[in-house]
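*Asks:* The amino acid sequence is not available; the structure is as follows:
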């Protein structure tokens, strides 16, 4: 049975944890009783804790608070975050503004992602289903929904997906996800859905 | 029974609304009316009919005016000061159906039962001087007689109060119980034509699509009902959308769009249930069927050759003729009554507007110029008026007079669409959105009166008014 792949955008903001005030440096005299917080990999000139005297434990910072950026795995040498393989995820839905059917840059990124998926697996086919909100006449909206779906199909083909693998269907205004009559609902209904299997 | 707050059509500031409760056995229907412009409506009295049981041994003398077909078991002649008590036992309140019909046309103002001085059911019971002060020129009286075995006789007399004489008298014999409502519609048509000179369209049918949600599932039906929304019957049930019902000119078939196979396809179905054919299932969109006036062709919207365009299909041979060849969207084609041109919606200028294409020359001209959005054209039976969905801020029904180029917006409701003319051209049935759900409404073409028909629970949309049922 066919499984609709639903991939959600990962919300990549990690909790920052308790933002403690930076520790006061106390001059070492006698027994060091301070825990030096340093960003891992940054050497501030103090001795490495492993070489310190007894009773001192140097702990690397665990939270991402002092890392220089999210979502990029490139700029941290030795950064533990590099191991998480953060990838951008997309919902297989493209949204449109009122009366629009062209793809925005953001939409194009989405299409590109799924086109890539199609190219990675030759056996996959895609059904592109075009929808509109309820405003305007049902028959015109049926044609407008098709225009949206075709717009997505054309983009897929530009990214290298062969035409026979793509099917375009329009449902016009007949299958809204939100049946309310307000802007929020209409926004959700103006869409093209990708069904890849 | 809480009164609805109903929207009103444009012209007048003052409005009157009243609520009638119908209680036919199957479901409670509410018909709410907004009537403006009552100044021009003709006052009329539709007196509740008498209800009697025939005594079988009495010989029936037909065709003679003034004769009773039966002796009533209880004489009602001395009890005319209150509505006939037997109304409660009558299978149908015929007068109520007639009054509602006439009121809905926008041309009549039926007197409330409580305002009537008496309730005559035969000519000799009428005291004409009682009615003149009420400014009533015409009154309808009648009788419903139970002939046994589920058959009824209906007598009606339509009277000229001023001249104190009968204008129309008719009797229907051996009417099955389920056809009594149809008789009421016929009576309505007779009165309407007598007083306006225009053929009545009450004895006609409408088709429409309903949608009901059961949990997460949607259930769609295509239904046919009387013009007042009663007697609804589903002729198609589906879990997938249904769109665009179109009546054949002989009233025997409906063409429509169904998504039962996962995409839009056009079907023709005979109303007697004898057959159902899929006539268009090409690649892409198959939609917007419209019968030609001679019933031999179907205009269609097909996108199989690239983008949505208008095609004409010969119903018998299924041969296709392509009418438009454009990258833009061309859809919603309908035939002019003389069969020589079609009106349709094209967004070749950016937004939907109405165009006309002539079949002999294939010349195309633009027809709608008001506002940024005009779609879903429908033409009156006499070819003079074009109704359309007019988008200007909201969406309402506009009416273009093709003779004078005068354009008026007829409705003031919300998200109006799918206009459809009555076969006499006097009223337009359309769909709108109220309280979050789709409902049907009727507006007179002068825009002065309108009425909401709530035919069912759930959503109702895509109405289509059928043709006259009989030849005149």
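*Replies:* Structure's in. What do you need? Quick caveat, the model's predicted, so the values are computed rather than measured. Residues are numbered from 1 along each chain as shown, chains lettered A, B, ... in the order given.
*Asks:* List the pairing partners of the host helix or strand of residue B:452 within its sheet, with orientation.
*Replies:* Using DSSP states H and E, residue B:452 maps to strand B:449-453. Paired strands of strand B:449-453, with direction, are strand B:29-35 (antiparallel), strand B:437-444 (antiparallel) (DSSP bridges).
*Asks:* Would you single out the least confident of those strands?
*Replies:* Sorting the strands paired with strand B:449-453 by mean pLDDT places strand B:29-35 lowest, at a mean of 41.
*Asks:* The helix or strand following that one pairs with which strands?
*Replies:* In the C-terminal direction, the helix or strand that comes right after strand B:29-35 (DSSP H and E) is strand B:42-46. Counting by DSSP bridges, the strands paired with strand B:42-46 are strand B:108-110 (parallel), strand B:138-148 (parallel).
*Asks:* Tell me the buried residues in the last one?
*Replies:* With burial defined by 16 or more other CB atoms under 10 Å in any protein chain shown, the residues of strand B:138-148 counted as buried are B:138, B:139, B:140, B:141, B:142, B:143, B:144, B:145, B:146, B:147. Placement of C-beta: from N, CA and C, glycine included.
*Asks:* what residues are up against the residue lying closest to the first one once chain neighbours are set aside?
*Replies:* Just to be clear, that refers to residue B:138. Nearest residue to residue B:138 in three dimensions, chain neighbours excluded: residue B:44, at 5.2 Å (CB to CB, 6 or more residues apart in numbering or on different chains). With contact taken as CB atoms under 8 Å, 6 or more residues apart in numbering or on different chains, residue B:44 is in contact with B:102, B:108, B:109, B:110, B:111, B:136, B:137, B:138, B:139, B:140, B:191, B:195.
*Asks:* if you set the cut-off to 7 Å instead, what comes out?
*Replies:* B:102, B:108, B:109, B:110, B:136, B:138 (CB atoms under 7 Å, 6 or more residues apart in numbering or on different chains).
*Asks:* cool, residue B:422 as well?
*Replies:* Here residue B:422 is in contact with B:201, B:465 (CB under 7 Å, 6+ apart).
*Asks:* gap between it and chain A?
*Replies:* With distances taken as CB to the nearest CB, to the nearest Å, residue B:422 is found 20 Å from chain A.
*Asks:* residue boundaries of the helices in the chain?
*Replies:* No chain was given, so I picked chain A. A:105-120, A:138-158, A:183-189 (DSSP state H).
*Asks:* other chain: chain B
*Replies:* Ranges of helices in chain B, per DSSP H, are B:94-104, B:128-131, B:180-196.
*Asks:* Which residue is the nearest non-sequential neighbour of the spatially most central residue of chain B?
*Replies:* For chain B, the residue nearest the mean C-alpha position is residue B:227 (3.5 Å; CA atoms, centre = their mean). Computed as CB to CB, 6+ apart, the closest residue to residue B:227 that is not its neighbour in sequence is residue B:204, at 4.7 Å.
*Asks:* Please apply the same query to residue B:170.
*Replies:* Residue B:170's closest residue in space is residue B:156 (CB to CB, 6+ apart), at 5.3 Å.
*Asks:* who's in contact with that neighbour?
*Replies:* Contact criterion CB under 7 Å, 6+ apart gives B:140, B:142, B:170, B:187 as the residues in contact with residue B:156.
*Asks:* For it, name its beta-bridge partners.
*Replies:* Beta-bridge pairing for residue B:156 (DSSP bridges): residue B:142, residue B:170.
*Asks:* returning to that earlier point: thought the residue nearest to residue B:227 was touching residue B:224?
*Replies:* No: with contact defined as CB atoms under 7 Å, residue B:204 does not reach residue B:224; the gap is 10.8 Å.
*Asks:* Now the two most distant members of the contacts of residue B:156.
*Replies:* Distance extremes for these: the farthest pair is B:140 and B:170 at 10.8 Å, using CB to CB.
*Asks:* what about chain A, any weak spots by pLDDT?
*Replies:* Low-confidence segments of chain A, defined by pLDDT under 70: A:1-83.
*Asks:* which parts of it sit against chain B?
*Replies:* Residues of chain A found near chain B (CB under 7 Å from any CB of the partner chain) are A:134-140, A:142-144, A:146, A:169-170, A:174-175, A:181.
*Asks:* Could you tell me which of those count as buried?
*Replies:* For the residues of chain A next to chain B, buried by 16+ other CB under 10 Å: A:134-140, A:142-144, A:146, A:169-170, A:174, A:181.
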